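A.B. asks: Any chance you could fold what I've pasted below:
(one chain, ligands or ions: 1)
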Amino acid sequence: MTILEFKKIFTENLSSLYTHPESAELYSIFIEREIGYSKFEQRQSGNERLSEIQIENLNNIISQLKTGKPFQQILGETAFYGLKFFVDENVLIARPETEELLELAIDKIKKSGLKNELKILDIGTGSGIIPIVLKKHFPAAKVSAIDFSEDALKTAKRNADFHEVEINFIHQDYLNEELKESFDVIISNPPYIGIEEEDEIADSVKEFEPKMALFSPNSNALVFYEKIAQDCEKYLVENGLVFLEINQKLGIETRKLFVGVLSEVELMKDLSGNERFVWGRK
Ligand SMILES: C[S@@+](CC[C@H](N)C(=O)[O-])C[C@H]1O[C@@H](n2cnc3c(N)ncnc32)[C@H](O)[C@@H]1O
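C.D. replies: The predicted structure is shown next:
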């Protein structure tokens, strides 16, 4: 069977899950991994024959994709903010909205006049995307990152090593343990899906991504934000900055938690027009 012939089998098998351009794109990603040909080389070599083992491997990928497993988990990596990050079943796959959160944070930090040796804290770090991107942009900063999942922290450390940045990873139940120091910047994309919203979440997300990363641990979807607001009073320096990704249905409620704690607090929309971020200055 040739590369081009198998492409047809691949896309037809996934037609109920992906549009044709999506499955064709996936095919070229997996073919590149399987035989090492770039997209251009694949176009030139469509009539080359795949080996039995390559066909077996590609069939195995089709089977996994058919279960709804995210292709990033099959690949073991994802792209975020132009960088490669390892992912597995223990971490949330980085979403594009979080790139927007980082863009906002990087811009505001640069303009803030805060000193160079910033102390930055990321709460609920998952694969470590947020602290790693920030450390790359602010190399002099001391960046710490908390997660309650030891397995997630292993993946985050692997990513930090891959990108050769030093992050102070802390294994901690943020909701029930006290912070030990103050910070210039607090940033977080915490679990914010309420129990009553569970039905609205895609089955593949619920099945393959960690529940602890998605859902609030109790019926209060704002529990992390309430704790972060308290910690801003205690552990955020004067003029310090806060950046939060939030539940788009709870923008007003989330912002309200920070009024009175921060001197400036703003609810912001993402590129899709959803109220997705709260940022502020103490
Ligand atoms: C929505 S994910 C965000 C992951 C990553 N920051 C991102 O944006 O892709 C939330 C993270 O919070 C962590 N988490 C959940 N409960 C926690 C707790 N009580 N204390 C600390 N981290 C917690 C989860 O393990 C998960 O990695």
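
A.B. asks: Pull up the residues of this protein that are close to the ligand.
C.D. replies: Residues of the chain that fall close to the ligand, judged by C-beta under 6 Å from any ligand atom: 92, 94, 98, 124-126, 129-130, 146-149, 152, 173-175, 189-191, 212-213. The C-beta positions use only the backbone N, C-alpha and C, and glycine is treated the same way.

A.B. asks: Just the ones of the residues you listed in strands?
C.D. replies: By the criterion of DSSP state E, membership of the residues of the chain next to the ligand in strands covers 146, 147.

A.B. asks: Quick one: buried ones out of the residues of the chain next to the ligand?
C.D. replies: Taking 16 or more other C-beta atoms under 10 Å as the criterion, what is buried in the residues of the chain next to the ligand is 92, 94, 98, 124-126, 129-130, 146-149, 152, 174, 189-191, 212-213.

A.B. asks: List the contacts of the worst-scoring helix or strand of the chain on mean pLDDT.
C.D. replies: Using mean pLDDT, DSSP states H and E, helix 203-208 stands out as the lowest-scoring helix or strand of the chain, at a mean of 86. Residues outside helix 203-208 that contact it (C-beta atoms under 8 Å, 6 or more residues apart in numbering): 68, 69, 70, 73, 89, 198, 214.

A.B. asks: Include pLDDT, neighbour count and secondary structure when you put those into JSON lines, please.
C.D. replies: Formatted as JSON lines, the contacts of helix 203-208 follow (pLDDT from 0 to 100; neighbours: other C-beta atoms under 10 Å; DSSP: H, G, I helix; E, B strand; the rest coil):
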{"residue": "68", "pLDDT": "91", "neighbour count": "14", "secondary structure": "coil"}
{"residue": "69", "pLDDT": "93", "neighbour count": "16", "secondary structure": "coil"}
{"residue": "70", "pLDDT": "93", "neighbour count": "18", "secondary structure": "coil"}
{"residue": "73", "pLDDT": "95", "neighbour count": "17", "secondary structure": "helix"}
{"residue": "89", "pLDDT": "95", "neighbour count": "13", "secondary structure": "coil"}
{"residue": "198", "pLDDT": "83", "neighbour count": "12", "secondary structure": "helix"}
{"residue": "214", "pLDDT": "90", "neighbour count": "16", "secondary structure": "helix"}
